[in-house]
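# here is my input, please return the structure:
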Amino acid sequence: MAKRQAVRFVCSNCGAAQASWAGRCSECGEWNTLQEEAVVTVGGGKAVSSGQGRILQSQSVDVSAARDQKRLASGIDEADTVLGGGIVPGSVVLLAGQPGIGKSTLLLQLTHAIAQNASVLYVSGEESAHQVALRASRLNVSQDILKIATSTSADDIAATIMRGTYELVVVDSIQTVGAAAVPTAPGTVSQITNSTQLIMQAAKHAGTAVILVGHVTKEGTIAGPKVLEHVVDVVLQLEGDRYGGFKILRAVKNRFGSTDEAGIFEMYGQGLRPVENPSASLLAERQVSDGSVVLATVEGTRPLLVEVQALVNRSNYGYPKRAASGIDLNRLNLLVAMLERRTKLDLSDKDIYVNIVGGMRITEPAADLAVCMAIASAAKGMQLKSNAVVFGEVGLSGEVRRVPLIEKRIAEAKKLGFEAAIGPTLRDKKTPAFLKSVPDVRSALNQFLEKE
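The predicted structure is shown next:
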């Protein structure tokens, strides 16, 4: 009788392994995340004793630094900035994003730009070579310098990388690739883990840079085991509205640079193009009215001016509705509760809708004051007295707290012709005349809102 292959159950959220299946992961507490995978033994399953190892050879850090190789620059400044100056040889980059957001389009443009000065291979596991060629033709990508192959075998891809023929290999996508040693379907936890390890070891050995395309779940997180994000060197996420607006490239993890940068693109018929002045583009069609406030936010280290719109109507039902596009709904509910408690606004019977124009998604707390002023402006039919931008974090007591990079926000507002900025008080340095400081939300509403 054939011996049954050993299996284990791995959590797709945290990567923890258990001997038996359970409805809930014992490590992270998530439900229905345990997936079965086969246990693959190396070297026939023989245990390695402590006496069989070899002594590691060490060297000084400056010797390793002297062998630092030049990065592969793509020529697309927005992407190179997010990567920290380009792609490091021998590194493994994971690019994730929603379906249709533009991952394959961006990668085809990147590989074409890099192929001008380096050897590049584009491996597609989702599409045929003909489909990739059609996209390349639409993007005006020169097809004679870019090599394309189709494969779903991690072993074949790793063997190709080990030859050292190519300086950059793109695998689209890791969810469609499988290793022969793992008897499960592609896309499972065990296949993603083992395929990534196989490709990564080949990349490190040959000094070839590898870009892996990853899928995301319906919640927006990267699909597959969490160990996938830990193993790779760089994790990039392409965000935005798939049907329009800006696309933002962020570095969630970067071993070779900062994670504070963000690249902003816009989709055209010929592919993604970097946006030179996103603030001006976002405010180009703005109409000054009640409920409209300009927020001075920061994407990475780049200041950005976006319009926050609010609409307040009397509710026709017993339970008022709250809806938000571009900001967290829980944060909106918190700010509405604070406004009712700390100001004279009565919003208990009002439907409140808040929208960030341009498909942008704002996560930083500096948007609190702008959201509060937009809601108050819409509720009372009032506008800002001056042509000003707004920023500042708001606490539950109604106080306006400091936010980082205030000087950059002010400089961006001046560049676009705004007359003032409404924000927190600077306690450790002299407040510039351009900044109108407010201690709390109530003072901001009383000082800077007026009837049309």
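
# ok, which stretches of the stretch 1-150 of the chain are strands?
For the stretch 1-150 of the chain, applying DSSP state E, counting those that start in this stretch gives strands covering 7-11, 17-18, 34-38, 92-97, 120-124, 147-150.

# need the residues that contact stretch 184-197.
10, 12, 35, 37-38, 40, 92, 125, 152, 154, 174-179, 181-182, 212, 224-225, 227-228, 231-232 (C-beta atoms under 8 Å, 6 or more residues apart in numbering). C-beta coordinates here come from the backbone N, C-alpha and C atoms, glycine included.

# kindly report the same for stretch 273-284.
Residues from elsewhere that reach stretch 273-284, judged by C-beta under 8 Å, 6+ apart: 76-78, 246, 263-266, 294, 303-307, 357-358, 360, 412, 415-416.

# so which of the strands of the stretch 1-150 of the chain is nearest Arg242?
With C-beta to C-beta, the closest approach to Arg242 among the strands of the stretch 1-150 of the chain belongs to strand 92-97: 9.0 Å.

# report the buried residues of that closest one.
Buried residues in strand 92-97, counted by 16 or more other C-beta atoms under 10 Å: Val92, Val93, Leu94, Leu95, Ala96, Gly97.

# got a markdown table for the residues you listed, with pLDDT and distance to Lys344 too?
As requested, these are arranged in a markdown table below (pLDDT from 0 to 100; distance: C-beta to C-beta, whole Å):
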| residue | pLDDT | distance to Lys344 |
| --- | --- | --- |
| Val92 | 95 | 56 |
| Val93 | 95 | 53 |
| Leu94 | 94 | 50 |
| Leu95 | 94 | 49 |
| Ala96 | 92 | 46 |
| Gly97 | 89 | 44 |
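
# between these, which sits nearest Gln201?
Val92 (9.9 Å).

# returning to what we had before: in helices only, show me the contacts of stretch 273-284.
Asp77, Glu78, Glu412, Lys415 (DSSP state H).

# look up how far Val88 lies from the last one.
Just to be clear, that refers to Lys415. Separation of Lys415 from Val88 (C-beta to C-beta, to the nearest Å): 34 Å.

# more neighbours, those two?
Legend: neighbour count by other C-beta atoms under 10 Å for Lys415 and Val88, higher for Val88 (23 against 13).

# return the residues in contact with the more buried one.
When the contact criterion is C-beta under 8 Å, 6+ apart, the partners of Val88 are Gln69, Arg71, Leu72, Ala209, Asp233, Phe256.

# mind pulling up the pLDDT for it?
Per-residue pLDDT puts Val88 at 92.

# next one: Gly326
According to the prediction, Gly326 has pLDDT 90.

# and the closest residue to it other than its chain neighbours, how many residues sit next to it?
Leaving aside its sequence neighbours, Gly326 sits nearest to Ile356 (C-beta to C-beta, 6 or more residues apart in numbering; 2.7 Å). For Ile356, the tally of surrounding residues (other C-beta under 10 Å) stands at 23.

# do you know how far Ile356 is from Glu340?
In this structure, Ile356 and Glu340 are 22 Å apart, going by C-beta to C-beta.

# hang on, the earlier thing: pull out the buried residues from the contacts of stretch 273-284.
Of all these considered here, the ones buried according to neighbour count by 16+ other C-beta under 10 Å are 76, 78, 246, 263-266, 294, 303-307, 357-358, 360, 412.

# among those, name the ones in strands.
Restricting these to those inside strands, with DSSP state E as the criterion, leaves Phe246, Gly263, Ile264, Phe265, Glu266, Val294, Pro303, Leu304, Leu305, Val306, Glu307.
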